[in-house]
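Enquirer: Let me see the structure of the following:
(4 chains)
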2 protein chains.
Amino acid sequence: MTNKLNLNNLTKSEEDYLKALFQLLIEDDSSKVGNNQLADYLKVSPASTNNMVKKLKAKKYVVSEKYGKLELTEEGKSVAVRLIRKHRLWETFLCNYLNFSWDEVHEVAEQLEHIKSQKLINELDRFMDFPTKDPHGEVIPNADGEYSIIPKITLSSLKEGEICKLVSVNDASVTFLKYVSEIGLALSSEVKVLEVREFDGSIKIGFNNVEETVTRKFADNIFVKSI
Amino acid sequence: MTNKLNLNNLTKSEEDYLKALFQLLIEDDSSKVGNNQLADYLKVSPASTNNMVKKLKAKKYVVSEKYGKLELTEEGKSVAVRLIRKHRLWETFLCNYLNFSWDEVHEVAEQLEHIKSQKLINELDRFMDFPTKDPHGEVIPNADGEYSIIPKITLSSLKEGEICKLVSVNDASVTFLKYVSEIGLALSSEVKVLEVREFDGSIKIGFNNVEETVTRKFADNIFVKSI
DNA sequence: TTAATTTGTTAGTCATAACTAACTTTTTTA
DNA sequence: TAAAAAAGTTAGTTATGACTAACAAATTAA
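Expert: Purely as a prediction, here's the structure:
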């Protein structure tokens, strides 16, 4: 098994690219992820991405043909899942034990996920009694890298009259998360789509006896399940 | 106050050099620390150190004349103390909450001390109820960077017949720490120097009704106070 | 189906931080 | 005090991972 060994030989940047690619390919379930899309997601230039992809192909984490779409090898996925596990466990720790609010955890978890110690993360997991969801509602992979990837249904995809339950939110934007809290939305909130306005895509929703109109962009970052 | 801002603009390497210099200058209380000594301590080449010292001088963390000894500015000391605080708080957390043994914590703490988040470290401190000593017996600086630097008396400096109490140990070597545990020495152990052998500097010590002969090198890494 | 646009690639540059080799200054010692 | 040793410095190289600018391929639209 080359598995264990390779995990420790990756730079922070290599890890960042693998995780980003995984999130685009698997968590966002894109049929095709290209070089520029990855560059966009990571906020680097296409040239940087191209460079890194070459390196990751040489190291057998990524597969792609010239001018073709990007794919991850099993090894590449394995690295990404372990990063996601670390990220979500740290977020959970920060929220549940260190008084961080859900809009404060992402940035710090981005740093903490690169700490290299198998024992650290598994002990942290045990310390918190093996949590299964992070503060934003995302499933935490277990020590073997197993987790159920729940297909993401965005609030924006619902039709007028549909009722749903909020299961998770995109964790990457502080201002977005603050806004979610401010209007009173929380995980498990029941939300009804009252009106979808064709003109600008904005949506009027009802929850906890309040009504709010939110933008399409906002609704794209709220993930729900129908009830 | 430029203080707060500058703290976040340092690279991992810059932080490593400042901490190393602080430990040589202040904690080990050397009257003179030179370029090559710092290089030795950090296990890099003198050229690398020379280069970094130039940069740190330009940034006003270090002061020195050409071919002269190295010194830290107040700003430089402040950065170093904050790193030491982080290192020791993390070591305490790993030992007291995550089942790490004292020989396992150093390497992981070396990574964790570079995580940039004021809130993280202060909340961790609070979570553990403001510990004052780390697992190796070292004093943990408080949130204002204040701590008492206890002059280090090594076990090797004692004369035959002297009795002392073990207050701290050098945390940087896994094999050393394992050895300390194995022979049964622990913080607060009372140790009597039974014999100092001129020939090779080895020392016969007695503690907890056992006698052990240890090398000079070993005794250099054990810090004590006389009782 | 050609032209425009988007996407991907390559070449060359920059900053960080390591290195070796060669050299200079300072300190030690014979 | 002159030679040897140690300490410090400089120049030039390497690797990582960003960047821009220029170019090529693929896709979309007229």
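Enquirer: For the residue of chain A found nearest DNA strand C, give its distance to residue A:25.
Expert: Relative to DNA strand C, the nearest point of chain A is residue A:34 (2.1 Å; Cβ to the nearest atom of the strand). C-beta coordinates here come from the backbone N, C-alpha and C atoms, glycine included. According to Cβ to Cβ, to the nearest Å, residue A:34 and residue A:25 sit 11 Å apart.
Enquirer: For burial, what's the neighbour tally of the residue of chain A closest to DNA strand C?
Expert: For residue A:34, the count of nearby residues is 17 (other Cβ atoms under 10 Å in any protein chain shown).
Enquirer: Could you find the closest non-adjacent residue to residue A:138?
Expert: residue A:168 (5.2 Å; Cβ to Cβ, 6 or more residues apart in numbering or on different chains).
Enquirer: Now do the contacts for the one you found.
Expert: Taking Cβ atoms under 8 Å, 6 or more residues apart in numbering or on different chains, we find residue A:168 in contact with A:136, A:137, A:138, A:152, A:187, A:223.
Enquirer: Give the buried residues for the longest helix along chain A.
Expert: Counting by DSSP state H, the longest helix found in chain A is helix A:74-97. Of the residues in helix A:74-97, A:75-95 count as buried by neighbour count, 16 or more other Cβ atoms under 10 Å in any protein chain shown.
Enquirer: Could you see whether DNA strand D lies near it?
Expert: No: using Cβ under 7 Å from any atom of the strand, helix A:74-97 never reaches DNA strand D; the gap is at least 13.4 Å.
Enquirer: tell me the angle that helix makes with helix B:74-97.
Expert: Here the directions of helix A:74-97 and helix B:74-97 differ by 90 degrees (axes from the mean of the first three to the mean of the last three Cα atoms, to 10 degrees).
Enquirer: quick one: average confidence on helix A:74-97?
Expert: Per-residue pLDDT over helix A:74-97 has a mean of 97.
Enquirer: list the helices and strands that helix packs on?
Expert: Where contact means 3 or more Cβ pairs under 8 Å, 6 or more residues apart in numbering or on different chains; DSSP states H and E, helix A:74-97 is packed against helix A:3-7, helix A:12-22, helix A:105-112, helix A:118-127.
Enquirer: Let me know the helix or strand that residue A:180 is in.
Expert: For residue A:180, the element it lies in under DSSP states H and E is helix A:174-183.
Enquirer: Now do the buried residues in that helix.
Expert: A:176, A:177, A:180.
Enquirer: And the second one, how far from residue A:87?
Expert: In this case it means residue A:177. Noted for residue A:177: a distance of 15 Å to residue A:87, by Cβ to Cβ.
Enquirer: same deal with the first one?
Expert: Shown here: residue A:176 relative to residue A:87, a distance of 17 Å by Cβ to Cβ.
Enquirer: any idea which helix or strand of chain A has the worst average confidence?
Expert: The weakest-scoring helix or strand in chain A, judged by mean pLDDT, DSSP states H and E, is helix A:3-7 (a mean of 42).
Enquirer: is stretch A:17-25 up against DNA strand C anywhere?
Expert: No: using Cβ under 7 Å from any atom of the strand, stretch A:17-25 stays clear of DNA strand C, with a minimum separation of 11.6 Å.
Enquirer: if we can go back for a sec, what pLDDT, on average, does the next helix or strand along the chain from the helix holding residue A:180 get?
Expert: Next helix or strand after helix A:174-183 toward the C-terminus (DSSP H and E): strand A:190-196. Averaged over strand A:190-196, pLDDT sits at 96.
Enquirer: Tell me what angle the next helix or strand after strand A:190-196 forms with helix A:174-183.
Expert: On the C-terminal side of strand A:190-196, the closest following helix or strand by DSSP H and E is strand A:203-207. Angle of strand A:203-207 versus helix A:174-183, following the same axes, to 10 degrees, is 50 degrees.
Enquirer: Strand A:203-207 packs against which elements?
Expert: Helices and strands touching strand A:203-207, by 3+ Cβ pairs under 8 Å, 6+ apart, are strand A:190-196, strand A:210-214.
Enquirer: now could you export just the CA positions of it as CSV?
Expert: Output of strand A:203-207 as CSV, limited to C-alpha atoms (Å, rounded to 0.1, in the frame of the first residue of the first chain):
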residue,chain,number,x,y,z
ILE,A,203,-37.2,34.1,-4.1
LYS,A,204,-39.6,34.9,-1.4
ILE,A,205,-39.4,32.3,1.4
GLY,A,206,-41.3,31.7,4.6
PHE,A,207,-39.9,30.1,7.8
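Enquirer: Let me know the angle separating that strand from strand A:210-214.
Expert: Going by the same axes, to 10 degrees, strand A:203-207 makes 150 degrees with strand A:210-214.
Enquirer: Tell me which strands strand A:203-207 pairs with, and in which orientation.
Expert: Strand pairing for strand A:203-207, determined by DSSP bridges: strand A:190-196 (antiparallel), strand A:210-214 (antiparallel).
Enquirer: Residue A:164 in helix, strand or coil?
Expert: For residue A:164, the assignment made with DSSP: H, G, I helix; E, B strand; the rest coil gives strand.
Enquirer: Could you find the closest non-adjacent residue to it?
Expert: Closest to residue A:164 by Cβ to Cβ, 6+ apart is residue A:224, at 3.8 Å.
Enquirer: now swap in residue A:207 and tell me
Expert: Distances taken as Cβ to Cβ, 6+ apart place residue A:191 nearest to residue A:207, at 4.6 Å, with adjacent residues excluded.
Enquirer: from what I can see that neighbour touches residue A:183, true?
Expert: No: Residue A:191 lies out of contact with residue A:183 (Cβ atoms under 8 Å); the separation is 11.1 Å.
Enquirer: and chain A, which residues reach DNA strand C?
Expert: With the criterion set to Cβ under 7 Å from any atom of the strand, chain A comes near DNA strand C through A:34-37, A:46-47, A:50-51, A:53-54, A:64, A:66-69.
Enquirer: Which one of the residues you listed is nearest to residue B:19?
Expert: Closest approach to residue B:19 among these (Cβ to Cβ): residue A:51, at 32.6 Å.
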